[in-house]
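S.K.: have a look at this prediction, sequence included:
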Amino acid sequence: DAKTTQPNSMESNEEEPVHLPCNHSTISGTDYIHWYRQLPSQGPEYVIHGLTSNVNNRMASLAIAEDRKSSTLILHRATLRDAAVYYCILSGQGAQKLVFGQGTRLTINP
Amino acid sequence: DTGVSQDPRHKITKRGQNVTFRCDPISEHNRLYWYRQTLGQGPEFLTYFQNEAQLEKSRLLSDRFSAERPKGSFSTLEIQRTEQGDSAMYLCASSPLAGGPDEQYFGPGTRLTVT
């Protein structure tokens, strides 16, 4: 399983943008980059995924490096509800188990 | 659509007892996954069904663990002769049968405590 590397923790302030980095230097050409987050006492929640191009949805944006060896999840305006553990995961197309790492624990200060 | 549901939400059992958990996926989702999460760690994959067929099992799924999805709808995960090391959050997820990458929808989990 391709591996990802994320900082253990990050801190930001409410209403400011947050950039969560992920390194995946061993990514293969067919691997998608997924981001999930897990709020306290809840199951993980899908955030966004991408292959090569940058992606935007109502929750976040995903910026993918040109060589695809790294990516950044961008929360444009953090709220207290965005405090969670964020997981960056590589997965092939179709049905695939998700291989979670330790993730990044994001703290949002009011 | 009420999302993925799991029952019970919490279970306390004594070592050596058997336990069974239930997962009801989002209706019409063909794929169903089980994961286990211990404190401070990310979830770990246990097994995966497509309809009623169990297509993949992790090495973590010892002989004491068995999962079923008899009619391709709800699924059960049974742990026999529980051990203290089985204490964890057991998460279920489902996803639709689609051509693109798999977006999994997780339930709230069943927290198991083995005393």
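M.R.: Looks like it arrived, so ask away. Since the model is a prediction, treat every value here as computed from it, not as a measurement. Numbers count the residues shown, from 1 in each chain, chains lettered A, B, ... in the order given.

S.K.: give the contact list for residue 88.
M.R.: Since you didn't name a chain, this refers to chain A. Taking C-beta atoms under 8 Å, 6 or more residues apart in numbering or on different chains, we find A:C88 in contact with A:4, A:6, A:20, A:22, A:24, A:33-35, A:71, A:73, A:101, A:103-104. C-beta here means a position set from N, CA and C on the backbone, and glycine is covered the same way.

S.K.: let's do chain B instead
M.R.: Contacts for B:A88 (C-beta under 8 Å, 6+ apart) come out as B:R36, B:Q37, B:T38, B:R111, B:L112.

S.K.: rerun that using 7 Å as the cut-off
M.R.: Residues counted as contacts of B:A88 (C-beta atoms under 7 Å, 6 or more residues apart in numbering or on different chains) are B:R36, B:Q37, B:T38, B:L112.

S.K.: what residues are bridge-paired with it?
M.R.: B:L112 (DSSP bridges).

S.K.: and the residue nearest the centre of the chain?
M.R.: Just going to use chain A. In chain A, the C-alpha nearest the mean C-alpha coordinate belongs to A:W35, at 3.6 Å (C-alpha atoms, centre = their mean).

S.K.: the chain in question should be chain B.
M.R.: Closest-to-mean residue, chain B, C-alpha atoms, centre = their mean: B:W34 / 3.2 Å.

S.K.: quickly list what that residue is bridged to.
M.R.: For B:W34, the beta-bridge partners are B:T47, B:C92 (DSSP bridges).

S.K.: rewinding a little: the residue nearest to the centre of chain A contacts A:I74, doesn't it?
M.R.: No. At 10.3 Å, A:W35 and A:I74 do not qualify as touching, with contact defined as C-beta atoms under 7 Å.

S.K.: got the contact list for stretch B:92-105?
M.R.: So stretch B:92-105 is contacted by A:32, A:46, A:49, A:91, A:93-96, A:98, B:3-4, B:6, B:23, B:25-26, B:28-35, B:75, B:106-107 (C-beta under 7 Å, 6+ apart).

S.K.: burial measure for residue 25, as a count.
M.R.: This is for chain A. By the criterion of other C-beta atoms under 10 Å in any protein chain shown, A:S25 has 12 neighbours.

S.K.: oops, wrong one, chain B.
M.R.: A total of 26 residues lie near B:P25 under the criterion other C-beta under 10 Å.

S.K.: what separates it from chain A, distance-wise?
M.R.: 13 Å (C-beta to the nearest C-beta, to the nearest Å).
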